[in-house]
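[1] how does the following fold in three dimensions:
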Amino acid sequence: QVQVVESGGGFVQPGGSLTLSCIASGSIFSIRAMGWSRQAPGKQRELVARQDSRGTTHYADSVKGRFTISRDNAKNAVWLQMNSLKPEDTAVYYCNADQVVLSGSYRVADYRGQGTQVTVSS
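    Numbers count the residues shown, from 1 in each chain. You can find the predicted model right below:
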């Protein structure tokens, strides 16, 4: 059993900053990649940022230069520092744990948290 829990969402004015946190817990042997996706009302879910176990990162073009992802492999934790926030960043943000290998098993699966709301508005 694996749980993925996000925290840190909230309300912020345009130009402000927020940091999202996420921890994956349970019978985890390894996680290939962790990251963040988001879904705004009426829109499809999109990948925001992702970091693999080697430290390789990927960002959506819309957040490059404003968002920074960081990860602690030993703690199965990932953070998303969001600066210069814009109203179009308003969405539910989900933490993703990809290709999770469970302890004592060859089973590999993807997990996602319940999401945390980020609202950017004046």
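[2] spatially central, which residue of the chain would that be?
    residue 36 (2.5 Å; C-alpha atoms, centre = their mean).
[3] tell me the secondary structure at it.
    Following DSSP: H, G, I helix; E, B strand; the rest coil, residue 36 is assigned to strand.
[4] could you find the closest non-adjacent residue to the residue of the chain most remote from its centre?
    What lies farthest from the middle of the chain is residue 104; by C-alpha atoms, centre = their mean that is 26.3 Å. Counting by C-beta to C-beta, 6 or more residues apart in numbering, residue 104 lies nearest to residue 27, which is 7.2 Å off, once chain neighbours are set aside. Yep, even glycine has a C-beta here, placed from its N, CA and C like the rest.
[5] what's the neighbour count on the one you found?
    Residue 27 is flanked by 13 other residues according to other C-beta atoms under 10 Å.
[6] cool, residue 12 as well?
    Residue 12, neighbours per other C-beta under 10 Å, totals 17.
[7] check the one 3 residues further on too.
    Neighbouring residues of residue 15 were enumerated by other C-beta under 10 Å; the total is 11.
[8] distance of the closest residue to it other than its chain neighbours from residue 49?
    In space, and not counting its chain neighbours, residue 15 is closest to residue 84: 6.1 Å by C-beta to C-beta, 6+ apart. Between residue 84 and residue 49 the distance, using C-beta to C-beta, to the nearest Å, works out to 15 Å.
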